[in-house]
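Enquirer: What shape does this take:
(2 chains)
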Amino acid sequence: MRHHICMVCDFFYPNQGGVESHVYHLSQCLLDRGHKVVIATHSYGNRKGIRYLDNGLKVYYLPFPVMYNQSILPTILTTLPLLRNVFIRENITIVHGHSAFSTMAHEGMFHARNMGIKTVFTDHSLFGFADASSILTNKLLKFSLADCSHAICVSHTSKENTVLRARIQPDTVSVIPNAVDASMFVPDPSKRHKNKITIVIVSRLVYRKGMDLLAGIIPIICNKHPDVQFIIGGDGPKRIILEEIRENYQLQDRVKFCGSLRHSEVRDVLVQGDILINTSLTEAFCIAIVEAACCGLQVVSTKVGGVPEVLPPEMIKLAEPSVKALVVALDEAISDHRAGNVLHPLEAHERIKTMYTWPNVATRTEVVYDMVQTLPHRDKRTRINRYYQCGPLAGKLFVIAMVLDLFFLYILQILLPEKNIELAPDFAQQVNKCA
Amino acid sequence: MAAQPRKTWKKILYENQGFPDHYVDESFLDELKKNLYTREYEYWNIVKESGVVTQQLCSVSIFVMVFILMDVKLLAAETLGYISVCLTVLGYIVNCCLPLKSDKTRTYLDDMKTVCIFAGFSYCLSPVLVSLTETIATDTIYAMTTVMLIANLCFHDYGADAEMVSGVLSLNSGLFASVCLASRLHTTQHSFVAVTFAVQIFALWPALRRNIRQAIPSSHVTMTVTFALMTVVSLTFISMTAAILLIIIIVFITFVCPYWLITLQPYKNNIHGPWDEAVITD
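Expert: Numbers count the residues shown, from 1 in each chain, chains lettered A, B, ... in the order given. Sure thing, here's the model as predicted:
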């Protein structure tokens, strides 16, 4: 079945990050598989209007004002006219929203459902349940997923989390892990230091990535093993405490900071290392450890979130998130390295290469699309009911939002009838026909 | 979908196990834990602990009473000045005698210096203070004071480890209330004494209470009862309604709220799992 898919997400190129590259790679692989894919995101600075990326991937940079953290201002209704136009122009059959943080994804899926288009949502992050901000975000997610056809999570832990947060049936949630472009992470053992063991950290230097743990580990390990050096790639507010540690313990020649790295530079840092340490306090999937394993590094990581599911036990050492446990795990990794009791980098690369690939992700996502497309359409009554059951107060608000949106849609159909919207030519299909 | 799964499903991603992606295993949500850190409360213990709230409430009441007495000219500025100096000296001596293990390096000279600086500045500024809010309606001032005193009660550091506790905010709102009220008084002496008294009751007195409690834990109940009785009795001379209201509030805080907390405890539904952000323990 050929699908016309619209990926809606606030986060896309020129912004850099995990979600952005996920959307890009998934779209490319779906294009390769013969589907039609367009991406809708908000404008980035001067980058407004329609742009084409590799392979004819069409991106709509829609002029919505950015409010916070690259997300647009949540208004529920105002994004409808433009998004409706895009959906109709491109003859969209499935709208696929990405990331719980993206306002645009939620709004796009909401409008799509009111227009009778099936929706799929991919959740990339984990949330707690205790603090005020997560309670609010969880309510919003509930609103977004109450009527969503299918959800995709990146790990089993993430699925459990999403099911609990949005109170949806677990069998409407698929687990499709992230992937790496293995050709970008080829090991190069010649870049390694001959006589020293190099421990690499590649991460944003923020609290959630466990930088306070790292600050505790560095002096202990440096004291125990005189032939160990650290390379830290990334930047962030916690850099200052790591630099303080380096000053206090006189480790200037053994701890090196690379500053913030572009995604293309990550590999060049990784190949210099023997061991990668990940100290995250929460993580849905952790692509960093897969990239490191792909470059042939041994991985030591905290046992949080979805991390234990990601790599087979012979490639990763897991530790509880405490300085003591991490030091023990690192000690083991160092002695394994000295004894030569490790996977050869190239062998590790070969294994990862087939483990997490984008074509695989695309095939599995396609299964979800096929499944969604065969689901019967929900009538308005069922949909209102689903929203109403979201909570004593929230449920009523959600119903009001939906009715308003339907009313707005009705007005738009009078002001700007569907037949007046010019359809975009479908180049891929024409090419296929010619061939 | 998977009709009869032959192998057992494992919670891993690195291998294709032959199950569909939306397969839900029996082990789903096995790691979910409920109410891990729920504390069992004991009624009389909470009643005792609620004393800290009562004490702060009484402090605020006393402060308002003193203002009313000065406003109706029943209490001369000099009298209050002498009383508060005596009480401060007494409190300071008690604080020094307490068997507290502290490693602070403050000397007596430092303390004296602080007192002189503070007293000097507030004495110099009290003429400004007394006419500060002349253009503002008295009702506005009272409303502002009420809000500030409520803020003082809300943000006061009762010893709870919570986000909203802010000793600085509490103290500042208390002092702001005192500045508001002081500006309604008649002479510069009055406003000087009012501000000084506010510093004593909002800054020094809570600190002294905490120190006494730390040094002699058994004194807590006695002190709460004495302080509350004293406040209620003196309030009866000013307004019977206010006194009865205070009694009701104290009874509510001391006896009803703890009971409420305990009855609400079974409704607690706190879920924990591997998705929680780890807490660094060492």
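
Enquirer: Please list the residues of the stretch 151-282 of chain B that sit near chain A.
Expert: Taking C-beta under 8 Å from any C-beta of the partner chain as the contact definition, the stretch 151-282 of chain B meets chain A at B:270-271, B:273-282. Heads up, the C-betas are built off the backbone N, CA and C, glycines and all.

Enquirer: which two from these end up farthest apart in space?
Expert: B:271 and B:282 (25.5 Å; C-beta to C-beta).

Enquirer: Quick one: buried ones out of the residues of the stretch 151-282 of chain B next to chain A?
Expert: Buried by 16 or more other C-beta atoms under 10 Å in any protein chain shown: B:271, B:273-278, out of those.

Enquirer: What is the neighbour count of residue A:219?
Expert: Using other C-beta atoms under 10 Å in any protein chain shown, residue A:219 has 16 neighbouring residues.

Enquirer: what's the following helix or strand after the helix or strand that it is a member of?
Expert: Per DSSP states H and E, residue A:219 falls inside helix A:211-224. Sequence order places strand A:228-233 as the next helix or strand after helix A:211-224, per DSSP H and E.

Enquirer: What ranges does the stretch 51-200 of chain A have for its strands?
Expert: With DSSP state E, counting those that start in this stretch as the criterion, the stretch 51-200 of chain A has strands at A:57-62, A:66-68, A:71-72, A:94-98, A:118-123, A:150-153, A:173-175, A:197-202.

Enquirer: can I get those strands in JSON lines with mean neighbour count and mean pLDDT?
Expert: Output for those, formatted as JSON lines (neighbours: other C-beta atoms under 10 Å in any protein chain shown; pLDDT from 0 to 100):
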{"stretch": "strand A:57-62", "mean neighbour count": "20", "mean pLDDT": "95"}
{"stretch": "strand A:66-68", "mean neighbour count": "13", "mean pLDDT": "89"}
{"stretch": "strand A:71-72", "mean neighbour count": "20", "mean pLDDT": "90"}
{"stretch": "strand A:94-98", "mean neighbour count": "28", "mean pLDDT": "96"}
{"stretch": "strand A:118-123", "mean neighbour count": "26", "mean pLDDT": "95"}
{"stretch": "strand A:150-153", "mean neighbour count": "25", "mean pLDDT": "95"}
{"stretch": "strand A:173-175", "mean neighbour count": "23", "mean pLDDT": "94"}
{"stretch": "strand A:197-202", "mean neighbour count": "24", "mean pLDDT": "94"}
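
Enquirer: among those strands, which is nearest chain B?
Expert: Closest of those to chain B is strand A:173-175, at 3.8 Å (criterion: C-beta to the nearest C-beta).

Enquirer: tell me the mean pLDDT over the longest helix along chain B?
Expert: Counting residues, the longest helix found in chain B (DSSP state H) is helix B:108-130. Averaging pLDDT along helix B:108-130 yields 89.

Enquirer: What is that helix packed up against?
Expert: When contacts are defined as 3 or more C-beta pairs under 8 Å, 6 or more residues apart in numbering or on different chains; DSSP states H and E, helix B:108-130 sits against helix B:167-182, helix B:188-199.

Enquirer: Tell me the predicted confidence for residue A:331.
Expert: pLDDT, residue A:331: 94.

Enquirer: tell me the contacts of it?
Expert: Going by C-beta atoms under 8 Å, 6 or more residues apart in numbering or on different chains, residue A:331 touches A:221, A:224.

Enquirer: Regarding it, what is its secondary structure?
Expert: Here residue A:331 is recorded as helix under DSSP: H, G, I helix; E, B strand; the rest coil.

Enquirer: Tell me, how many residues neighbour residue A:408?
Expert: 18.

Enquirer: Am I right that it sits in a helix?
Expert: Yes - per three-state DSSP, residue A:408 lies within a helix segment.

Enquirer: Can you give me the pLDDT of it?
Expert: 96.

Enquirer: Check the gap between the residue of the stretch 101-250 of chain B found nearest chain A and residue A:132 for me.
Expert: Residue of the stretch 101-250 of chain B nearest chain A, by C-beta to the nearest C-beta: residue B:163 (8.6 Å). Applying C-beta to C-beta, to the nearest Å, the value for residue B:163 to residue A:132 is 9 Å.

Enquirer: Just want the most central residue of chain B.
Expert: residue B:156 (2.3 Å; C-alpha atoms, centre = their mean).

Enquirer: just for the stretch 301-435 of chain A, where's the confidence low?
Expert: Applying pLDDT under 70 to the stretch 301-435 of chain A picks out residues A:428-435.

Enquirer: touching chain B at all, stretch A:365-384?
Expert: Yes - judged by C-beta under 8 Å from any C-beta, stretch A:365-384 comes into contact with chain B at A:367-368, A:371.

Enquirer: Then stretch A:110-121?
Expert: No - using C-beta under 8 Å from any C-beta, stretch A:110-121 stays clear of chain B, coming no nearer than 11.8 Å.

Enquirer: contact partners of that stretch?
Expert: A:6, A:76, A:79-80, A:83-84, A:87, A:92-98, A:105, A:109, A:143-145, A:147-152, A:365, A:368-369, A:372-373, A:375, A:377, A:383, A:401-402, A:405-406, A:409.

Enquirer: Just the buried ones from those?
Expert: The neighbour count (16+ other C-beta under 10 Å) marks A:6, A:76, A:79-80, A:83-84, A:87, A:92-98, A:105, A:109, A:143-145, A:147-152, A:365, A:368-369, A:372, A:383, A:402, A:405, A:409 as buried among the contacts of stretch A:110-121.

Enquirer: Mind checking which of those are in helices?
Expert: A:80, A:83-84, A:87, A:105, A:109, A:143-145, A:365, A:368-369, A:372, A:383, A:402, A:405, A:409.

Enquirer: In three-state terms, label residue B:46 for me.
Expert: What three-state DSSP gives for residue B:46 is helix.

Enquirer: How about the helix or strand hosting residue B:60, which residues are buried there?
Expert: Taking DSSP H and E as the criterion, residue B:60 maps to helix B:51-71. For helix B:51-71, the buried set under the neighbour-count rule, 16+ other C-beta under 10 Å, comprises B:51-67, B:69-70.

Enquirer: before we move on, what about stretch B:122-142?
Expert: Applying 16+ other C-beta under 10 Å to stretch B:122-142 flags B:122, B:125-126, B:129-130, B:132-133, B:141 as buried.

Enquirer: Likewise for stretch A:303-319?
Expert: Within stretch A:303-319, judged by 16+ other C-beta under 10 Å, the buried ones are A:303-311, A:315-319.

Enquirer: tell me, which of those make contact with chain B?
Expert: By C-beta under 8 Å from any C-beta, the members of the buried residues of stretch A:303-319 lying near chain B are A:304-306, A:308-311.

Enquirer: Format those as CSV; extra columns: secondary structure and distance to residue B:219.
Expert: Shown next, in CSV, are those (DSSP: H, G, I helix; E, B strand; the rest coil; distance: C-beta to C-beta, whole Å):
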residue, secondary structure, distance to residue B:219
A:304, coil, 46
A:305, coil, 48
A:306, coil, 53
A:308, helix, 52
A:309, helix, 56
A:310, helix, 57
A:311, coil, 59
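
Enquirer: Let me know the closest of the residues you listed to residue B:186.
Expert: Proximity of these to residue B:186 was ranked by C-beta to C-beta; the top entry is residue A:304 with 64.7 Å.

Enquirer: Go ahead and confirm that closest one touches residue B:280.
Expert: No - counting by C-beta atoms under 8 Å, residue A:304 does not reach residue B:280; the two are 11.5 Å apart.
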